[in-house]
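Engineer: based on what follows, work out the 3D shape:
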Amino acid sequence: MEVFVLKDWIAGNPAWAAITAALLFILILLLTRLIFGRGLVYLTARTKNKYDDIIVKGLRPMRASLLSPFIAAFIFSDLALTAQDLVRKISLFFILWVSILTLNGLMDASNEIYESRPSFNGVSIQGYLDIAKIFFFLVGIILSITLVTGESPVLLLSGLGAMTAVLLLIFQDTIMAFIASIQISANNLVKEGDWLEVPSYNADGIVTNMSLHAIKIQNWDKTITVIPTFKIMETSYKNWRGMEESGGRRIMRSIRLDLNSVKFCTPEMIDCYSRIDLISEYVTQRRYLVEEFKKRNNEIDSPLDGPQVTNMEIFRKYIEIYLNNHPDIHTENMDFIIRELEPSSTGLPVEIYVFTRTTQWKQYERIQGEIVDHLLAATSFFDLRLFQEPAGSDFVSAFQRT
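Structural biologist: Purely as a prediction, here's the structure:
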């Protein structure tokens, strides 16, 4: 009976009924924001757990509070009399899209929680969440159309079959990105945190984000490069993750020596080298072999007769022993090679091919610099000269001497 009386009053006072409904709508919204919105933010701000803060940030309780007045409007839509159908449609429309936006925010929060875990290994789920978002948006669009037209969603979906080709064209990039994301994830090709080098895009830095459509790389110069996800499967790139996981980073540097400074060692040179602690034992063994050969062969007409020792050989051995005793260099389970490359017009290259025990860039450069500096300074102790193309100051000095 009271419902009929209320409807009679609404029918007799439509203006006051609209004002009352608006005021009730605002009151419900304010109460929901005060109790649910601010209350939730207040509680999460006082907990030590960081995950609830992430959930509340994604939930956006102030926006989610819009659900309560529209749900109330839908429940009491019968009181709208002639406008009840319009009130229902508007209420359902807002309930639908606020729910979708809230669900998308919760998915973003779940991804942030997933990536903030200590056990996170860089395998992103952002691409799959993006697919779910697209699905929910499509569902929202279909249901919105059915609300406006009043047609069944099944009838609308059956009509979409004829538009398959058009839809494939529209979502071509999305489909390709989704397939690429599956391939990347299944084969563990790229993860967040990887050092990626993509020459065709001038990208060289750390992967900071992987979504369905794009891979974001922060370059070492702090610029950002964005590469379409499906393009990463079509272009060549270098992932330095293997280096970081191995625990060693390669040093491959050459020291170029003057060919004219390579010579056979004299007894005086051998005596000098034998006083170097690192190679004293090796030099002594080499000198013993030479002396034993001379004892067995009294007549030696040329330095080319029998075994001889060169200052280049001694220097190579010094490099090998020096690096073997270096605390920051891997001496086992990784390549350790000291070799001479082909002589050329720019001298004789002696190449160092070893691995450091660290992969951190700053420490790696320090270790590499210390090793190269030491060896450059050590060449003169072995009667070797570094090769360097003449500079203007060299010509000036030559003219001054003359």
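Engineer: hey, what's Arg256 bridged with?
Structural biologist: Pro349 (DSSP bridges).
Engineer: how much space separates Arg286 from Phe293?
Structural biologist: 11 Å (Cβ to Cβ, to the nearest Å). From N, CA and C alone the C-beta is placed, and that goes for glycine too.
Engineer: between those two, which one's more packed in?
Structural biologist: Each of Arg286 and Phe293 has its neighbours counted (other Cβ atoms under 10 Å); Arg286 has more, 21 against 14.
Engineer: quick one: contacts for the more buried one?
Structural biologist: 270, 309, 313-314 (Cβ atoms under 8 Å, 6 or more residues apart in numbering).
Engineer: for the lengthiest helix in the chain, which positions count as buried?
Structural biologist: Secondary structure of the chain per DSSP state H: the longest helix is helix 84-116. Neighbour-count burial for helix 84-116, counted by 16 or more other Cβ atoms under 10 Å, picks out 87-98, 100-105, 107-113, 115.
Engineer: can you list the low-confidence ranges for the protein?
Structural biologist: Filtered on pLDDT under 70, the chain yields the residue ranges 1-18, 21, 77-84, 120-124, 151-170, 298-306, 391-402.
Engineer: quick one, domains of it?
Structural biologist: As given by automatic domain parsing, the domain ranges for the chain are 2-183, 189-240, 249-390.
Engineer: out of the ones you listed, which one sits most buried?
Structural biologist: domain 189-240 (a mean of 17; mean count of other Cβ atoms under 10 Å).
Engineer: how far out from the middle of the chain is that domain?
Structural biologist: Put simply, domain 189-240 sits 7 Å off its chain's centre (Cα atoms, centre = their mean, to the nearest Å).
Engineer: then stretch 57-75?
Structural biologist: Using Cα atoms, centre = their mean, the mean C-alpha position of stretch 57-75 is found 38 Å from that of the whole chain.
Engineer: any idea how far apart the tips of that stretch sit?
Structural biologist: Taking Cα to Cα, to the nearest Å, stretch 57-75 runs 29 Å from one end to the other.
Engineer: contacts for that stretch next, please.
Structural biologist: Here stretch 57-75 makes contact (Cβ under 8 Å, 6+ apart) with 21, 24-26, 28-29, 32-33, 36-38, 40-41, 87-88, 90-92, 94-95, 98-99, 101-102, 105-110, 112.
Engineer: which residues does Phe36 contact?
Structural biologist: For Phe36, the contact set (Cβ under 8 Å, 6+ apart) comprises 61, 64-65, 68.
Engineer: so which of those belong to helices?
Structural biologist: Using DSSP H, the members of the contacts of Phe36 that fall in helices are 61, 64, 68.
Engineer: the first one and Ile352, how far apart?
Structural biologist: So the one you mean is Pro61. Using Cβ to Cβ, one gets 61 Å for the distance from Pro61 to Ile352.
Engineer: what's the longest helix of the chain packed up against?
Structural biologist: Contacts defined by 3 or more Cβ pairs under 8 Å, 6 or more residues apart in numbering; DSSP states H and E place helix 84-116 against helix 50-59, helix 61-64, helix 67-75, helix 126-149.
Engineer: give me the angle between that helix and helix 67-75.
Structural biologist: On the basis of axes from the mean of the first three to the mean of the last three Cα atoms, to 10 degrees, helix 84-116 is oriented at 150 degrees to helix 67-75.
Engineer: over to Ile251. Which of the three states is it?
Structural biologist: strand (DSSP: H, G, I helix; E, B strand; the rest coil).
Engineer: how about Leu212, what does it touch?
Structural biologist: Contacts of Leu212 by Cβ under 8 Å, 6+ apart are 126-128, 130-131, 134, 174, 177-178, 181, 229.
Engineer: rewinding a little: the contacts of Arg286 in helices, which ones?
Structural biologist: In this view, the contacts of Arg286 that belong to helices under DSSP H are 270, 313-314.
Engineer: re earlier: now tabulate the contacts of Leu212 in CSV and tack on distance to Arg339.
Structural biologist: CSV is the format used below for these (distance: Cβ to Cβ, whole Å):
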residue, distance to Arg339
Gln126, 46
Gly127, 46
Tyr128, 49
Asp130, 50
Ile131, 52
Ile134, 56
Thr174, 52
Ala177, 46
Phe178, 48
Ser181, 44
Thr229, 42
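Engineer: what is the most widely separated pair among the contacts of Arg286?
Structural biologist: Among the contacts of Arg286, the pair separated by the greatest distance (Cβ to Cβ) is Ile270 and Glu313, at 11.6 Å.
Engineer: show me where the chain has strands.
Structural biologist: 195-198, 203-210, 214-219, 224-228, 238-239, 249-257, 337-340, 348-356 (DSSP state E).
Engineer: what's the angle from the third one to strand 224-228?
Structural biologist: Inter-element angle recorded for strand 214-219 and strand 224-228: 150 degrees (by the same axes, to 10 degrees).
Engineer: what's the angle from strand 214-219 to strand 203-210?
Structural biologist: Computed by the same axes, to 10 degrees, the angle between strand 214-219 and strand 203-210 is 130 degrees.
Engineer: tell me the strands beside strand 214-219, with direction?
Structural biologist: In the sheet, strand 214-219 lines up with strand 203-210 (antiparallel), strand 224-228 (antiparallel) (DSSP bridges).
Engineer: relative to Thr331, which of these is closest?
Structural biologist: Nearest to Thr331, of all the strands paired with strand 214-219, is strand 203-210, at 30.1 Å by Cβ to Cβ.
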